[in-house]
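Participant: How does the following fold in three dimensions:
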Amino acid sequence: MQVRALAQPVQAPGASRPDPADRRADLHGLDGARLAHLAAHGRLHAAHPLFSSLHLSDGPLTLYDLERLRRAPRVVVLAACESGRSIVRAGDELLGLSATFLAHGARTVIASVVPVPDAETASPMAALHRLLAAGRSAATALAEAQGEVSGDLPGASAGFVCIGADVRLDPPGLPGGGAHAGGAHAGGGDAAARAAGRRGG
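Facilitator: Numbering: from 1, shown residues only. Coordinates of the predicted model:
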């Protein structure tokens, strides 16, 4: 539901329609994209943080898988339960999904620190992408999207935070200007939309 709601705001010529994503397709599409949106069930593994994961159609996409990225997307949106949380290990090292994307070159990660239901998250995520496409910085776009839906769906949007630098999207067509949403890579411009495995937090 969520990725279908995003298809219109971010659809580009030649972009793919929603269909199940898998780990290989996601890793290929994520590499070097300017924008990635992943909507899936998320799990933060407190005892073994490197096994924290997003559950896709063919199994979990773990931190070990993300280590294979050559270059993370510039802006990453993780619409998954607790994907914005990290575990602090010895030496004050942060381990988690958002921390891994940032460590591999992402400038900004927008993610939730609480469980998020897919159906209620579609509206604020659509507003977020509309505002990003309009030129708002990541933090401003998130705050305005949260404000737009706060009266109707306060719980769905309130748990999302912006981590990292407060950047704007590069204009489409610049080097690294592709975009990725939930499993599909749309070269050169705005995001394609594909469903990424199981929804609902």
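Participant: Okay, strands next: where are they in this protein?
Facilitator: Under the criterion DSSP state E, the chain contains strands at 35-39, 41-43, 53-56, 59-62, 75-79, 87-89, 93-95, 108-112, 160-164, 179-181, 184-186.
Participant: any low-confidence regions in this structure?
Facilitator: 1-24, 91, 150-156, 170-201 (pLDDT under 70).
Participant: quick one on the thing from earlier: save the strands of the chain as TSV, and put in mean neighbour count too.
Facilitator: C-beta coordinates here come from the backbone N, C-alpha and C atoms, glycine included. Output for the strands of the chain, formatted as TSV (neighbours: other C-beta atoms under 10 Å):
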stretch	mean neighbour count
strand 35-39	29
strand 41-43	22
strand 53-56	24
strand 59-62	20
strand 75-79	28
strand 87-89	13
strand 93-95	15
strand 108-112	26
strand 160-164	20
strand 179-181	30
strand 184-186	24
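Participant: Let me have the ones you listed in a markdown table, extended by distance to A145.
Facilitator: Formatted as a markdown table, the strands of the chain follow (distance: least, C-beta to C-beta, whole Å):
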| stretch | distance to A145 |
| --- | --- |
| strand 35-39 | 13 |
| strand 41-43 | 19 |
| strand 53-56 | 21 |
| strand 59-62 | 25 |
| strand 75-79 | 11 |
| strand 87-89 | 28 |
| strand 93-95 | 26 |
| strand 108-112 | 10 |
| strand 160-164 | 8 |
| strand 179-181 | 16 |
| strand 184-186 | 21 |
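Participant: what's the single longest helix in this protein?
Facilitator: helix 118-133 (DSSP state H).
Participant: who's in contact with the closest residue to E148 other than its chain neighbours?
Facilitator: Excluding the flanking residues, the one nearest E148 by C-beta to C-beta, 6 or more residues apart in numbering is A127, at 5.0 Å. A127 makes contacts with 144-145, 148-149, as judged by C-beta atoms under 8 Å, 6 or more residues apart in numbering.
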